[in-house]
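[1] next input, structure requested:
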Amino acid sequence: MPFAQAHPITDICFLVEDVERAIAFYVDKLGFRLRRRAPGFADFKGAGLTLALWEIGHIAEHTGVSDRRAPPQVHKACAAAELPSPDAVDAVYVELSTLGVPFQRPPEDYAWNARCAYFTDPDDNLWEIYAWLDGGPVGDVDTPAA
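    Residues are numbered from 1 along each chain as shown. Got it, this is the predicted structure:
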């Protein structure tokens with residue numbers, strides 16, 4: 001089954017200069033509720049899919065993705081698809097690489113407890129495929145009611 005039919009887009013991630021400033025905007029101005037917070041990263045669960053914020057310097061330091069900043073009024077985003085397992089990340093990486101999709105590097109396990117791989121479309125829009133490692137996501141802020 002083709003990638004887009006098997007794996008729904010689960011997250012939209014905006015690459016930001018200052019995650020604290022961005023969190024304040026999304027919480028104070030737009031009413032999002034903070035769900036998860038980790039160094040250089042935050043996400044919110046709202047209606048629909050997950051909105052995430054990731055500091056450009058942090059993603060670049062850990063993944064090899066470019067740290068070049070776009071000038072003001074240029075759109076910046078990272079679309080993400082959560083896969084069911086780390087093995088699925090590896091399999092989809094092989095599948096898409098075989099089709100000529102340009103990845104930054106092979107899948108890796110990252111400090112935020114996920115196996116991830118990053119690729120770009122022909123216009124350099126960034127995509128992430130990921131799956132949580134054993135223990136799930138780190139940085140949960142919102143705990144389920146008992």
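[2] now do the buried residues in the biggest helix by length in the chain.
    Longest helix of the chain, by residue count under DSSP state H: helix 86-98. Under the neighbour-count criterion of 16 or more other Cβ atoms under 10 Å, helix 86-98 has 86, 88-90, 92-93, 96 buried. The way it works is simple: take the backbone N, C-alpha and C, and place the C-beta from them, glycine included.
[3] which one of these sits closest to residue 1?
    residue 92 (10.9 Å; Cβ to Cβ).
[4] does the closest one touch residue 129 like I think?
    Yes - the criterion here is Cβ atoms under 8 Å, and residue 92 meets it with residue 129 at 5.5 Å.
[5] what about the chain, any weak spots by pLDDT?
    47, 75, 123, 142-146 (pLDDT under 70).
[6] now the common contact residues for residue 92 and residue 129.
    Shared contacts of residue 92 and residue 129, defined by Cβ atoms under 8 Å, 6 or more residues apart in numbering, are found at 7, 83, 117.
[7] can you put those in CSV and add secondary structure?
    Formatted as CSV, the shared contacts of residue 92 and residue 129 follow (DSSP: H, G, I helix; E, B strand; the rest coil):
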residue, secondary structure
7, coil
83, coil
117, strand
